[in-house]
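1. need a structure here:
(2 chains)
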Amino acid sequence: MLFTENKPFDEVLESLGNDKNIFLLACNGCAETCETGGEKALSTLRTELKKAGRKVTDTCLVDFLCNKILVATRLARHMEQIQQSDSVLALTCGIGVQAVAKVVNKLVRPADNTISLGGLQGLWPSEERCEACGDCVLDYTGGLCPLTSCAKGLLNGPCGGAQDGKCEVDSEKDCGWLKIYERLEKLERLDNLKKFQKARDHSKMMPSADLRKTLFYDLER
Amino acid sequence: MKLIDRFKQGKCVLTCEAGPPKGIEIAQLIAELEPLRPKIDAFNVTDLQSSVLRVGSLAVCRILSEKGLEPVMQLTCRDRNRLALQSDVLNAAVLGIKNLLCLTGDHPKLGDHPQAMPVFDLDSVQLLSAVKNLTKGKDMAGNDLEGRPPEFCLGAVVNPGADPLEPQILKMEKKIQAGAEFFQTQAVYELKKFAGFMGRVKHFNVPVMAGIVLLKSPAMAKFMNANVAGIHVPDEIINELASVPKDKRVHKSLEIAARLIRELKGLCQGIHIMSLGWERHIPTVLEMAGL
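-> Here you go, the predicted structure:
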């Protein structure tokens, strides 16, 4: 169970920049249970985006956005609308955003922050990792997490230690920042990397007392 | 004296790296740096270089300062969170240190304490920004500092040999916006590549010091090519060093470094020498380079 919260709408709107045409995607798994995904959250966000003058080109609900095979199958018939959109906005956890980014050739942005991986964890079947930092930055990096793909968790670009595209810590591991760079170059969004990323707020990683009292945090409670 | 004032004088600024020892006997380090006083503008003291435990930068910087040798304190994000980093910046100001070089730092896994927790609470850009804010009297949380704020000249690093180069340049621009006033580079051996890099960053109007590493042997050059990111020693230089008998190697190495310095100083605003224990040879190199 991955516990997520909706990002504040102003933050979502700011992250969209000048993007006018948005493809909206929601997870019907953990996020639906947290009410940060699923039909209800999708419908709310669609209304809010319209009110803010953005066009929602289409929407899609997928049972588990962390499962790339499922995502690819479900999105196959939406690919044209996705390609015609400026970006994809996803109501899902950090894993979901990263999985979708691997499947579609479009900038994928998070509409949720992942707070906890507690309770029953590990539903996702693949290599994407989420640190549950509580302040998702996947929007800025094109859907690749710098906290889990960079050995130093750097937020403002590569450290200069990569050799032949591999991390200074592990010669068999790709430099996460080079992957982010390549991804943004392909999406023609390199300008993203000019934005200063302020230091993380580590207090956002602390689950609140209210959350700790729920089944989302402790299934056996 | 702030290093930026040396650049403003329009001269080719010369700095030299000083690596504190693993242990408390620092007399030898000071003795090796002392003869460089007339030539070298500032001594850049490393912060647990290569993630190996040593005497810290702050203590050595203070000792150099007491002896009238201008220090540049290196500060990495590897071992301290934002509280400790900001506190050490204030410590540096209290101890009279005027120049700070802000770096991300090597990962602890590369050093002699691979079990250590990698901190990286901040990255180099955020560190520069935090120090800049302290000089404006504010800490990272937005609280006011009491009294007069600290003053610093802030430096940063860039790797002109990185492939691809573009991410380095994007980050360099962020570092400048965050407060970096000068840059020093990884070791340079390829003039054409470096000239290309300088062409790309000229419009930033920020002084750049080219890095020089003295090549102790052909094996060292090959090792760096295989293991150090962004360093490429061309075959011609390796062969040139290998072509002389072993007893003439030191002289040849200094000759190569001097030639690089002569060629590089026209392309940038300063030279940063990383002599890795060969501090005693620096005066000869500078003399051969006509400096």
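2. can you pull out the helices in the stretch 51-200 of chain B?
-> Using DSSP state H, counting those that start in this stretch, the helices found in the stretch 51-200 of chain B span residues B:57-66, B:82-94, B:124-135, B:166-178, B:191-201.
3. Mind putting the ones you listed into a markdown table with mean pLDDT, mean neighbour count and distance to chain A?
-> C-beta: built from backbone N, CA, C; applies to glycine. Below are the helices of the stretch 51-200 of chain B laid out as a markdown table (pLDDT from 0 to 100; neighbours: other CB atoms under 10 Å in any protein chain shown; distance: least, CB to the nearest CB, whole Å):
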| stretch | mean pLDDT | mean neighbour count | distance to chain A |
| --- | --- | --- | --- |
| helix B:57-66 | 98 | 20 | 19 |
| helix B:82-94 | 98 | 17 | 6 |
| helix B:124-135 | 98 | 24 | 4 |
| helix B:166-178 | 97 | 21 | 4 |
| helix B:191-201 | 97 | 16 | 13 |
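4. Three-state assignment for the nearest residue to B:Glu240 once chain neighbours are set aside, please.
-> Nearest non-adjacent residue to B:Glu240, counting by CB to CB, 6 or more residues apart in numbering or on different chains: B:Ile256, 6.5 Å away. Secondary structure, DSSP: H, G, I helix; E, B strand; the rest coil: B:Ile256 is helix.
5. State the number of residues packed around B:Ile256.
-> Counted by other CB atoms under 10 Å in any protein chain shown, the residues lying close to B:Ile256 total 21.
6. Can you tell me how far it is from B:Ala219?
-> To B:Ala219, B:Ile256 is 15 Å away according to CB to CB, to the nearest Å.
7. for B:Ile24, same thing?
-> Distance, B:Ile24 to B:Ala219, using CB to CB: 32 Å.
8. With B:Ala242 instead?
-> Using CB to CB, B:Ala242 is found at 9 Å from B:Ala219.
9. related to what we said a few turns ago, compare neighbour counts for B:Ile24 and B:Ala219 and give me the winner.
-> Neighbours were counted for B:Ile24 and for B:Ala219 using other CB under 10 Å; B:Ala219 has more, 12 against 9.
10. What strand or helix carries the more buried one?
-> helix B:218-227 (DSSP states H and E).
11. quick one, what contacts B:Lys248?
-> With CB atoms under 8 Å, 6 or more residues apart in numbering or on different chains as the criterion, no residue contacts B:Lys248.
12. for the one 10 residues further on, same thing?
-> The neighbours of B:Ala258, taking CB under 8 Å, 6+ apart as the test, are B:Val285, B:Leu286, B:Met288, B:Ala289.
13. now swap in B:Gly137 and tell me
-> Going by CB under 8 Å, 6+ apart, B:Gly137 touches B:Asp144, B:Leu145, B:Pro149.
14. Next, count neighbours for the second one.
-> Other residues within reach of B:Leu145, judged by other CB under 10 Å, total 16.
15. In contact with it, which residues?
-> If you count contacts by CB under 8 Å, 6+ apart, then B:Leu145 has B:Leu90, B:Leu134, B:Gly137, B:Lys138, B:Asp139 around it.
16. Greatest separation within the residues you listed: which pair is it?
-> The distance between the two most remote of those (CB to CB) is 12.6 Å, for B:Leu90 and B:Lys138.
17. OK, contacts around residue 21?
-> Just so you know, I chose chain A. The contact partners of A:Asn21, taken as CB under 8 Å, 6+ apart, are A:Arg54, A:Lys55, A:Thr57, A:Gln84, A:Ser85, A:Asp86.
18. wait, chain B
-> Residues near B:Pro21 by CB under 8 Å, 6+ apart: B:Gln28, B:Leu29, B:Arg54, B:Val55.
19. Let's see that with 7 Å instead.
-> B:Pro21 sits next to B:Leu29, B:Arg54, B:Val55 when contact means CB atoms under 7 Å, 6 or more residues apart in numbering or on different chains.
20. Just give the nearest non-adjacent residue to the last one, would you?
-> Sequence neighbours aside, B:Pro20 is the residue nearest to B:Val55 in space, at 3.8 Å (criterion: CB to CB, 6+ apart).
21. What distance do you get for A:Leu117 to chain B?
-> Distance of A:Leu117 to chain B, computed by CB to the nearest CB, to the nearest Å: 20 Å.
22. Would you mind confirming that that residue makes contact with A:Cys66?
-> No: in this structure A:Leu117 lies outside contact range of A:Cys66 using CB atoms under 7 Å: 11.5 Å.
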